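A.B. asks: Just to be clear, the model below is a prediction. Sequence and coordinates:
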2 protein chains.
Amino acid sequence: MSSDIENKFLKQGGRLTDQRKLIAKVMSESNDHPDVDELHKRVNKLDSKISIATVYRTVKLFEESGIIAKHDFKGNKSRYEQTLKEHHDHLIDINTGEITEFVNKDIEKLQKQVAAKLGYELVDHRLELYGSKIKK
Amino acid sequence: MSSDIENKFLKQGGRLTDQRKLIAKVMSESNDHPDVDELHKRVNKLDSKISIATVYRTVKLFEESGIIAKHDFKGNKSRYEQTLKEHHDHLIDINTGEITEFVNKDIEKLQKQVAAKLGYELVDHRLELYGSKIKK
DNA sequence: ATAATTGCAAATGCTTTGCTTGTGA
DNA sequence: TCACAAGCAAAGCATTTGCAATTAT
């Protein structure tokens, strides 16, 4: 079965190689936010000959096509996730690295207002919360 | 006259070298968000022998002491600013790179609420708006 | 057929570090 | 004095790239 990423990529006229198929598959099946190294490891379980350069190139390609999203959280290398769901932001556990996604429309609205007040149209934003779990 | 940064650093028991004094002075007089390269250039106008390694080391030192803040905006190298004013976030002009600072207590409050709802204590956050100037 | 893609290794860009010499308290 | 800091060049790390061989359409 072909993955979501695969289909989107084809629809955009991308050339589908075996490597790209596998990377698409792995990304599709990932519910976390793997970095390139991790992605490379996962892909290598399916085909040990795929080079990390190809993973870098593919991930960049998918990102430029809007099929996956890149995140640069503090202190980490770039992480990727499929852009399936609606837009969301991230809360990062400073102790474990665990990532929780959240959506908050009120914050979004305020951001737009802030930008407007400063004379800008909001094109993009980055909101990351860093916290530590409250033990009860 | 000694800079704010210099005083804070001394109060923390830091050893004040000529190089650190100069970097502190330059940072104190900077109202923008220079990267290490830019900082090195500015400092070199006062003393052409200061190495970029020292700038890297000093900037890290000041940051760890909470005297200056480091920012990693999308696609750029790390930038620094003195932590004088109250906490603020940044709006980056995607066309010119111009940076505007802003404060929004409502957003802060909501962030804390979001974290709490997810079972976290908010320790830190990153909020950056990317926009393009509205021409009227 | 042939333009695009791969794998490899080398190059890059920013940042850090080992080591020897210099210096602030 | 002497532990710490500076300067230099080399090393590190994530990411990109040139090139020859391979492959999708």
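C.D. replies: Great, that's in hand.
A.B. asks: what's the weakest-modelled helix or strand in chain A?
C.D. replies: Every helix and strand of chain A was ranked by mean pLDDT, DSSP states H and E. The lowest is helix A:4-11, at a mean of 92.
A.B. asks: Residues contacting it, please?
C.D. replies: When contacts are defined by Cβ atoms under 8 Å, 6 or more residues apart in numbering or on different chains, helix A:4-11 is touched by residues A:16, A:20-21, A:24-25, A:27-28, A:62, A:65, A:67-68, A:82, A:84. No exception for glycine: its C-beta is placed from N, CA and C like everyone else's.
A.B. asks: what's the following helix or strand after it?
C.D. replies: As assigned by DSSP states H and E, the chain's next helix or strand after helix A:4-11 is helix A:18-29.
A.B. asks: Next, the angle helix A:4-11 makes with that next one.
C.D. replies: 130 degrees (axes from the mean of the first three to the mean of the last three Cα atoms, to 10 degrees).
A.B. asks: Show me what helix A:18-29 is packed against.
C.D. replies: helix A:4-11, helix A:36-44, helix A:52-64, strand A:79-82 (3 or more Cβ pairs under 8 Å, 6 or more residues apart in numbering or on different chains; DSSP states H and E).
A.B. asks: What distance do you get for the residue of chain A found nearest DNA strand C to A:Glu38?
C.D. replies: Closest approach of chain A to DNA strand C (Cβ to the nearest atom of the strand) occurs at A:Thr54, with a separation of 3.1 Å. Noted for A:Thr54: a distance of 15 Å to A:Glu38, by Cβ to Cβ, to the nearest Å.
A.B. asks: Kindly report the same for A:Lys135.
C.D. replies: A:Lys135 sits 29 Å away from A:Glu38, going by Cβ to Cβ.
A.B. asks: more crowded one of these two?
C.D. replies: A count of neighbours by other Cβ atoms under 10 Å in any protein chain shown puts A:Glu38 above the other of A:Lys135 and A:Glu38, at 17 against 6.
A.B. asks: Stretch A:125-136 near chain B anywhere?
C.D. replies: Yes: on the criterion Cβ under 8 Å from any Cβ of the partner chain, stretch A:125-136 is in touch with chain B at A:125-134.
A.B. asks: Among these, which are located in strands?
C.D. replies: Counting by DSSP state E, the part of the residues of stretch A:125-136 next to chain B found in strands is A:125-133.
A.B. asks: Among those, which one lies nearest to A:Lys45?
C.D. replies: Using Cβ to Cβ, A:Glu128 comes nearest to A:Lys45 of these, at 30.2 Å.
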